[in-house]
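> Quick one, structure for this:
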Amino acid sequence: MRNAVGYIVTIVAALCWGASGVSADYLMTGHGIELTLISFCRMFTAGVLTIASALARSRGITPAHRELVTSARNWRTLVVYALFGLAACQISYMEVIRASNAGTGTVLQYLGLILIVVWVCLSHRRWPRAAEVVAIVLALSGTFLLSTHGSLDTLALTPVTLAWGAVAALTLATYTLLPARLIAAYGAELVVGYGLIIAGAGVGLVGRVWRYSITWTPDVVLAMTITVVLGTAVAFTAYLWGVDRIGPVRASLVGCVEPIAATGFSALIMGSSYTGADIVGMALIIGAVVTISLVDLIRARRVTQ
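Numbering: from 1, shown residues only. Sure thing, here's the model as predicted:
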């Protein structure tokens, strides 16, 4: 029963993440709201909610929490992670959504997980394992099919979409790798919570978000709530809750529902259309991520046996 609930909660987190991208797309294309303003609201508010949740569950500041926020070394790492990881990932993700749609943007961003595999192989000075080679081939094939529809003469995606997709994938990898030391020492909730606050403040200041205004119609309130609350604070908390019950490897595998959800929501809500080549290309990229996750799951089982 514990595992079943963990799987359900993790799926809910992935669905919330998928819906948040579509909601952001709606705010940008439907109401012309500046992406830096959306990013600021999303990250800063979600960061505050995440830290508030951590404080409520721990009933105050724990010794680990105090150590995290009183160490100058930790703050340097937090700032680098926030600006070059979280903020860069968020802005590039929003840009690729604006250039294409939420489904395509989410799938292209997921290529960052393949970049992580490449980085691990390079940093450990080893050749990719067979499953990793399969995942890389699937990812490259899917990207080729998604961007060209199988024809070398034309591009199905614009150069701007491909460029921002590449940046989104790279920053996803950076966002995943940069905070490894801090998360191992202090937990993901606190590290990501403070990272979101710093990233949101940085985007707000650089983007001078006070120049923009939002007309708060009911649909804007709903879309912003999905983007900020459900798609960030609730999704992240639910995902961590799921990780605690089914483990990080299974949770990352279930998390592959996100690009599928984003594609479906984008088609249903935003009217985005996808060709057969698009669907196959997305399926190949998602298949690459699933391959890596399954291999990690098998290895984890071998270790625990």
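> Residue 110 touches residue 168, doesn't it?
No - using Cβ atoms under 8 Å, residue 110 is not in contact with residue 168, being 9.1 Å away. Backbone N, C-alpha and C define where each C-beta goes, glycine included.
> More neighbours: the two, which one.
Comparing residue 110 with residue 168 by other Cβ atoms under 10 Å, the one with more neighbours is residue 168, at 27 against 24.
> That one and residue 288, how far apart?
16 Å (Cβ to Cβ, to the nearest Å).
> next one: residue 132
With Cβ to Cβ as the criterion, residue 132 and residue 288 are 10 Å apart.
> Please apply the same query to residue 109.
Going from residue 109 to residue 288 by Cβ to Cβ gives 13 Å.
> So which bits of stretch 275-282 are buried?
277-278, 280-282 (16 or more other Cβ atoms under 10 Å).
> From these, pick the one nearest residue 245.
Closest approach to residue 245 among those (Cβ to Cβ): residue 282, at 28.8 Å.
> which ones are touching the closest one?
Residue 282 makes contacts with 103-104, 107, 142, 146, 259, 263, 274, as judged by Cβ atoms under 8 Å, 6 or more residues apart in numbering.
> Could I get the CA-only coordinates of stretch 159-172 as CSV?
Output of stretch 159-172 as CSV, limited to C-alpha atoms (Å, rounded to 0.1, in the frame of the first residue of the first chain):
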residue,chain,number,x,y,z
PRO,A,159,16.5,27.4,-35.4
VAL,A,160,15.3,29.5,-32.4
THR,A,161,13.4,26.5,-30.9
LEU,A,162,16.4,24.2,-31.4
ALA,A,163,18.8,26.8,-29.9
TRP,A,164,16.7,27.4,-26.8
GLY,A,165,16.0,23.6,-26.6
ALA,A,166,19.8,23.0,-26.5
VAL,A,167,20.2,25.6,-23.8
ALA,A,168,17.3,24.2,-21.8
ALA,A,169,18.9,20.7,-22.0
LEU,A,170,22.3,22.0,-20.9
THR,A,171,20.9,24.0,-18.0
LEU,A,172,18.8,21.1,-16.9
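> And for residue 216, the neighbour number?
Residues near residue 216, counting by other Cβ under 10 Å: 9.
> okay, and the helix or strand of the chain with the least pLDDT?
Least confident helix or strand, the chain: helix 248-254 with a mean of 69, by mean pLDDT, DSSP states H and E.
> How about the helix or strand that comes right after that helix, which residues are buried there?
Sequence order places helix 257-269 as the next helix or strand after helix 248-254, per DSSP states H and E. Within helix 257-269, the residues that count as buried by 16+ other Cβ under 10 Å are 257-267, 269.
> OK, contacts around the residue nearest the centre of the chain?
The C-alpha lying nearest the average C-alpha coordinate of the chain belongs to residue 172 (Cα atoms, centre = their mean; 6.8 Å). Residue 172 is in contact with 89, 109-113, 115, counting by Cβ under 8 Å, 6+ apart.
> Just the ones in helices from those residues, please.
89, 109, 112-113, 115 (DSSP state H).
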